[in-house]
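K.L.:
Sequence plus the predicted model coming up.
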Amino acid sequence: MRAVSPLYLEHARQLFLSERARRETIRSSLSTPVAAISFAVFSFSSLERDEVRQNRKRIPSEAPI
């Protein structure tokens, strides 16, 4: 078996760190739009629920026959 040189270990380390940095960049660039979309969906669903509640207050419920 061949001995592993310090140069090879340093090269492998640099490859690993550069790949990790690339993945972190991609992850961070996706997190902002995903957070904005989820916030918008939550806000619209809250508005919808509030509108349904307001409509229930305005329209008297019908009495059962």
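P.N.:
Received the coordinates, thanks. Residues are numbered from 1 along each chain as shown.
K.L.:
centre of the chain versus the helix or strand where Glu51 lies, how much separation?
P.N.:
Element membership for Glu51, per DSSP states H and E: helix 6-58. Its chain's average C-alpha position is 3 Å from that of helix 6-58, according to C-alpha atoms, centre = their mean, to the nearest Å.
K.L.:
can you tell me the average pLDDT over that helix?
P.N.:
Averaged across helix 6-58, pLDDT comes to 87.
K.L.:
Are there helices or strands packed against that helix, and which ones?
P.N.:
The contact analysis (3 or more C-beta pairs under 8 Å, 6 or more residues apart in numbering; DSSP states H and E) places helix 6-58 against no helix or strand. The way it works is simple: take the backbone N, C-alpha and C, and place the C-beta from them, glycine included.
K.L.:
For Ser5, what are phi and psi?
P.N.:
Dihedral angles of Ser5 (phi, psi; degrees, to the nearest 10) stand at phi -80, psi 150.
K.L.:
and Leu30, how far is that from Phe16?
P.N.:
22 Å (C-beta to C-beta, to the nearest Å).
K.L.:
Equivalent analysis for Glu51, please.
P.N.:
Distance of Glu51 to Phe16, given as C-beta to C-beta: 52 Å.
K.L.:
Could you do Phe39 as well?
P.N.:
Here Phe39 is placed at a distance of 34 Å from Phe16 (C-beta to C-beta).
K.L.:
ditto for Ser31
P.N.:
Ser31 sits 22 Å away from Phe16 when distances are taken as C-beta to C-beta.
K.L.:
Tell me which residue lies nearest the centroid of the chain.
P.N.:
Of all residues in the chain, the one closest to the mean position by C-alpha atoms, centre = their mean is Val34, 4.3 Å from it.
K.L.:
Quick one: residues contacting that one.
P.N.:
Listed by C-beta atoms under 8 Å, 6 or more residues apart in numbering, the contact set of Val34 is empty.
K.L.:
start the count at 33, not 1, going forward
P.N.:
Got it, first residue is 33 now, which makes that one Val66.
K.L.:
distance of it from Ala72?
P.N.:
11 Å.
K.L.:
Tell me how many other residues crowd Ala72.
P.N.:
For Ala72, the neighbour count with other C-beta atoms under 10 Å is 10.
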